[in-house]
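Undergrad: Predicted model and sequence follow; I will ask about them next.
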Amino acid sequence: MAEERPIRVAVAGPRGRMGSETIRMIASAPEFILAAAVDHGHDGERVGSLPGLPELDARIYADIADCFSVEEPDVLIDFTNPEAGKRNLQSAIEFGVRPVIGTSGFSNEDVADYQKQMADKKLGGIIAPNFAIGAVLVMKFSQMAAKYFPDVEIIELHHDKKKDAPSGTAVKTAELIEKTRQPKKQGAPDERETLKGARGADIDGMRIHSVRLPGLIAHQEVLFGGKGELLTLRHDSMDRASFMTGVGFAIKEVMSLDSLVYGLENILN
Ligand SMILES: NC(=O)C1=CN([C@@H]2O[C@H](COP(=O)(O)OP(=O)(O)OC[C@H]3O[C@@H](n4cnc5c(N)ncnc54)[C@H](OP(=O)(O)O)[C@@H]3O)[C@@H](O)[C@H]2O)C=CC1
Ligand SMILES: O=C(O)C1=N[C@H](C(=O)O)C[C@H](O)C1
């Protein structure tokens, strides 16, 4: 049987916390090859010249269209910010490059729009609010638990450099819970906040609380309250390596998809 060629991957956001971790993972995986990086600075430089990155010869492009037309990668990985991520994803669709998007902050309307465009082109892609397998399991377990415990509050805790709140993971967890939970406004019917924000953000009557502190990486607790009992589901990413099993899995899976999947839970067996 013919040996499969490595999957050619372009990474947007190579200097970032997640982009750099992804490049280190790709460099150590014989089944992948770094085709290029996309960064709004450092145009024309080599990835290996960036601090903390492995000695790779792949070129950095400021213009993603140039990157796609010259390097013809199979897959784009994006860990940037919502504005750049949307531009990059749109460009990937135009060039027929399979997007694997980890960047958080996409709305459901954005996702639906990309799903339509990609279904029309039969292009595979993945948007995953969280690539850590344990975090995905907490989402699935939360969806199960909410059938029996409609009173739920989510506490997400992250490093203090994180720009968006609530986390994409917390929003996706709430969306999955909504599928099984009877709609309910929680807390006392006549509760009032004497300090604005004290009860957190409201999704369908559920509450999400966002903690930002140095020392944290990415953590989430989902608390379910019942008569005389409390169920707590918790996941901790202690290192960004925790996301790489899911990123590697997504790169391989996306090669055989023909539509855009939103959430790793939809492709984990
Ligand atoms: N799905 C998942 O499992 C995970 C998702 N995330 C999400 O990934 C995203 C990135 O997180 P993180 O790595 O911590 O953030 P960082 O801020 O560390 O990295 C983002 C990088 O993107 C760069 N960037 C900005 N604009 C562009 C552009 N137009 N083209 C290319 N690069 C650009 C930034 O450069 P500069 O600083 O110069 O602007 C920066 O180097 C966030 O949305 C976060 O929520 C994070 C962890 C896990
Ligand atoms: O910014 C982060 O760090 C993370 N962002 C993602 C999110 O918003 O859910 C995933 C993970 O929680 C880490």
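TA: Nice, I can see it. Numbers count the residues shown, from 1 in each chain. Ligands and ions are numbered 1, 2, ... in the order given.
Undergrad: Quick one: neighbours of the residue nearest to L34 when sequence neighbours are not counted, just the number.
TA: Once flanking residues are discounted, L34 sits nearest to A58: 4.4 Å by CB to CB, 6 or more residues apart in numbering. No exception for glycine: its C-beta is placed from N, CA and C like everyone else's. Other residues near A58 come to 24 when the count uses other CB atoms under 10 Å.
Undergrad: Please name the residues that touch A58.
TA: Residues near A58 by CB atoms under 8 Å, 6 or more residues apart in numbering: 34-37, 46-47.
Undergrad: Can you lay out those as a markdown table showing neighbour count?
TA: Listed next are the contacts of A58 as a markdown table, based on neighbours: other CB atoms under 10 Å:
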| residue | neighbour count |
| --- | --- |
| L34 | 27 |
| A35 | 24 |
| A36 | 25 |
| A37 | 30 |
| R46 | 15 |
| V47 | 25 |
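Undergrad: Which ones among those residues map onto strands?
TA: Mapping the contacts of A58 onto strands (DSSP state E) picks out 34-37.
Undergrad: ok, those residues vs ligand 2, which is closest?
TA: Nearest to ligand 2 among the ones in strands among the contacts of A58, counting by CB to the nearest ligand atom, is A37 at 19.5 Å.
Undergrad: Widest-spaced pair of the ones in strands among the contacts of A58?
TA: By the measure CB to CB, A35 and A37 form the most distant pair in those, at 8.9 Å.
Undergrad: Can you redo the contacts of A58 as JSON lines, where the extra columns are pLDDT?
TA: As requested, the contacts of A58 are exported to JSON lines (pLDDT from 0 to 100):
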{"residue": "L34", "pLDDT": "98"}
{"residue": "A35", "pLDDT": "98"}
{"residue": "A36", "pLDDT": "98"}
{"residue": "A37", "pLDDT": "98"}
{"residue": "R46", "pLDDT": "98"}
{"residue": "V47", "pLDDT": "98"}
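Undergrad: Let's have those in JSON lines, adding distance to ligand 1.
TA: Below are the contacts of A58 laid out as JSON lines (distance: CB to the nearest ligand atom, whole Å):
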{"residue": "L34", "distance to ligand 1": "15"}
{"residue": "A35", "distance to ligand 1": "15"}
{"residue": "A36", "distance to ligand 1": "12"}
{"residue": "A37", "distance to ligand 1": "8"}
{"residue": "R46", "distance to ligand 1": "16"}
{"residue": "V47", "distance to ligand 1": "13"}
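Undergrad: I appreciate the help and will end here.
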